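> Got a predicted model here, sequence first, then my questions.
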Amino acid sequence: MTSAVDAVVIGAGQNGLVAANRLADAGWDVLVLEQQPTPGGAVRSDRDVHPDFVHDTFSAFYPLSAVSPPLARLRLSDWGLQWSHAPAVVGNPDPSGGWALLHREPGRTAASLDALNPGDGAVWLDLFEQWQRISPGLIQSLLSPFPPVRGAVRLAAAVPRAGGMDLIRTLVESSDALTSRFTGMGARMLIAGNAAHADLHPQGMGSGLFGLLLAMLGQQVGFPAPTGGAGELIAAMVRRFEAAGGRLRCDAAVNRIEVADGRVVAVRTADGDRVEVRRAVIADVTAPQLYGGLVPWSDLPDRVLKGMRRFRWDPGTVKVDWALSGPIPWAGEPAVAPGYVHLADSLAELSTGHSRIQDGILPRLPYLLVGAMTTTDPSRSPQGTESVWSYTHVPRQIRGDAGARNQSEAISSRWTASDAERMADRMQARIEKNAPGFGDRVIARRVLSPRDLESRDANLVGGALGGGTSDVSQQLVFRPIPGLGRAETPIKGLYLGSSSAHPGGGVHGAAGDNAARAALVHARLRPWRR
């Protein structure tokens, strides 16, 4: 069957749906094709763990969504989206037995840090004051097409008032260097722990900025979660898109993008349909799936093949979900319950663990990020219970297992069901160490290995969450390869609108929005060019 539309968007993840909405708002006839039975990509929720519990299948907290200009433009609250917040934003247990807690009120955060190490609160408030001065220009720069002219001008104007060269040094420091101004582990982990969400080494350039970004966004807007589950964010996007006349087809895998005379002309689906394209195709897929995959190398210039040979993925991920009969029984219970918790014993452990993952060694102690979703949103499970998840990074190819006592316990890159369960046991044991009695409250558990994550979302290749490494060598003009720092591709009318494109991972919709903006501009220029 052959049909024709103005634009096809491949993939109904958050980037794809942001792009689709923008094109539909411009009056285009837009068709979104999604491989999975339901839309959402890595923003979905389900009741698979236990019928009474809602678990977010992949991502869960959305500080970048709260400050994203593309998402703000969609006004999703008009389409049913509501946000929930935990009593405290982020927490991490301190070796002293207390807790470092990040609140949306700077004074409360500072008081939490001073209670652990007097003086750290004042340092925190100084950082936040700098952040307030630069955040509008910085966020605009990060989430705009490259080069971000307007955001850069705004940021440059704020720098002298925010500390000048001292601020610039702060923005390029590693998280280890940035956090050295604090005396206590608690304050340092609030930034370094957030930096470890990405695959940035704590001693590497750029890790400080990433940790500061998330920590200060948590201070500024919190870590909101969609009320009712992550899927509610996508449901609002779909309702808006369809009300604008757009169409969404699920169970529709695209296996080929047709190119003629250097321009995209159609897409073909696995079930034999051919959709002709009058204006544009936006691909919310990873760069390796697009270049040499949906578009054969014969349709691409040699420089793309050479560049993709150097493309680097971010690490794999293992995620575990639990349905608990009660709240997480934290030892030394925090004064205010955090929705997000970092579990690591020291900054040295973070550095060692990251280095081992880079070397292909599964660390002995996995660094954990833990989400208490019922604490954040009481609608997620029955009163008195808790919907919980945790994830950790793992090597893409495991060459050794530092956590195995013998070879029979070693976890392999095959990620068999047995491998996945052993990894989940280690993760649960680490939580149990910080929350004695955790295991006794487990009603049900689900383990998602890197293979499982990819099977549920093809963009999570090998369990990679970011569409490619976040290292500075593969950002800005180098993302996904040198010279392709924008949504445009070497094929006219074809745009890369996924986390493999600038500005990278995170639920902000900027990559999809950048692609749609480029498509609209080029469509206006085409008659003039003729």
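That came in fine, so what should we check first?
> was I right about residue 66 contacting residue 214?
No - using C-beta atoms under 8 Å, residue 66 and residue 214 do not qualify as a contacting pair, with a distance of 11.7 Å. The way it works is simple: take the backbone N, C-alpha and C, and place the C-beta from them, glycine included.
> more neighbours, those two?
Taking residue 66 and residue 214 together and counting by other C-beta atoms under 10 Å, residue 214 has the greater number of neighbours (25 against 19).
> show me what contacts the more buried one?
63, 194, 195, 197 (C-beta atoms under 8 Å, 6 or more residues apart in numbering).
> Please identify which two of those residues are farthest apart in space.
Across the contacts of residue 214, the two members that end up farthest from each other (C-beta to C-beta) are 63 and 195, 13.9 Å apart.
> can you list the domains in this protein?
According to automatic domain parsing, the chain is divided into the following domains: 2-44+60-81+229-311+466-529, 84-226+313-456.
> Tell me which of these sits nearest to residue 51.
Checking these against residue 51 by C-beta to C-beta gives domain 84-226+313-456 as the closest, at 9.5 Å.
> starting at the chain centroid, how far to the closest one?
Centroid separation for domain 84-226+313-456 versus its chain: 12 Å, with C-alpha atoms, centre = their mean, to the nearest Å.
> Tell me the span between the first and last residue of that domain.
Criterion C-alpha to C-alpha, to the nearest Å; first-to-last residue distance in domain 84-226+313-456 is 26 Å.
> Now do the same for it: mean pLDDT, whole number.
Domain 84-226+313-456 shows a mean pLDDT of 92.
> For the stretch 201-350 of the chain, just list every one of the strands.
In the stretch 201-350 of the chain, strands defined by DSSP state E, counting those that start in this stretch lie at 225-226, 247-249, 254-260, 263-269, 274-283, 316-324, 338-343, listed in chain order.
> would CSV of those strands with mean neighbour count be doable?
CSV is the format used below for the strands of the stretch 201-350 of the chain (neighbours: other C-beta atoms under 10 Å):
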stretch, mean neighbour count
strand 225-226, 27
strand 247-249, 16
strand 254-260, 18
strand 263-269, 19
strand 274-283, 22
strand 316-324, 25
strand 338-343, 26
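> among those, which is nearest residue 11?
Nearest to residue 11, of all the strands of the stretch 201-350 of the chain, is strand 274-283, at 7.1 Å by C-beta to C-beta.
> what lines up beside the closest one in the sheet?
Strand pairing for strand 274-283, determined by DSSP bridges: strand 2-10 (parallel), strand 263-269 (antiparallel), strand 494-496 (parallel).
> rewinding a little: what's the closest of the strands of the stretch 201-350 of the chain to residue 398?
Across the strands of the stretch 201-350 of the chain, residue 398 has its closest neighbour in strand 316-324 (8.9 Å, C-beta to C-beta).
> which strands and helices sit next to the closest one?
For strand 316-324, the elements it packs on are strand 45-50, strand 53-56, strand 386-394, helix 417-434, strand 442-448, helix 450-456, judged by 3 or more C-beta pairs under 8 Å, 6 or more residues apart in numbering; DSSP states H and E.
> Adjacent strands (with direction) for it?
strand 386-394 (antiparallel), strand 442-448 (antiparallel).
> Any chance of the strands paired with strand 274-283 in TSV with distance to residue 35 as columns?
Listed next are the strands paired with strand 274-283 as TSV, based on distance: least, C-beta to C-beta, whole Å:
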stretch	distance to residue 35
strand 2-10	9
strand 263-269	9
strand 494-496	17
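> ok, of these, where does mean pLDDT dip lowest?
strand 2-10 (a mean of 93).
> Any buried residues in that one, and which?
Along strand 2-10, these residues count as buried under the neighbour rule (16 or more other C-beta atoms under 10 Å): 5, 6, 7, 8, 9, 10.
> now stretch 420-432
Of the residues in stretch 420-432, 420, 422, 423, 424, 426, 427, 428, 430, 431 count as buried by neighbour count, 16+ other C-beta under 10 Å.
> Ok, stretch 455-474 next?
Within stretch 455-474, the residues that count as buried by 16+ other C-beta under 10 Å are 456-457, 459-471, 474.
> ok so, going back, out of the strands paired with strand 274-283, which gets nearest to residue 383?
Each of the strands paired with strand 274-283 was checked against residue 383 via C-beta to C-beta, and the shortest separation belongs to strand 2-10, namely 40.4 Å.
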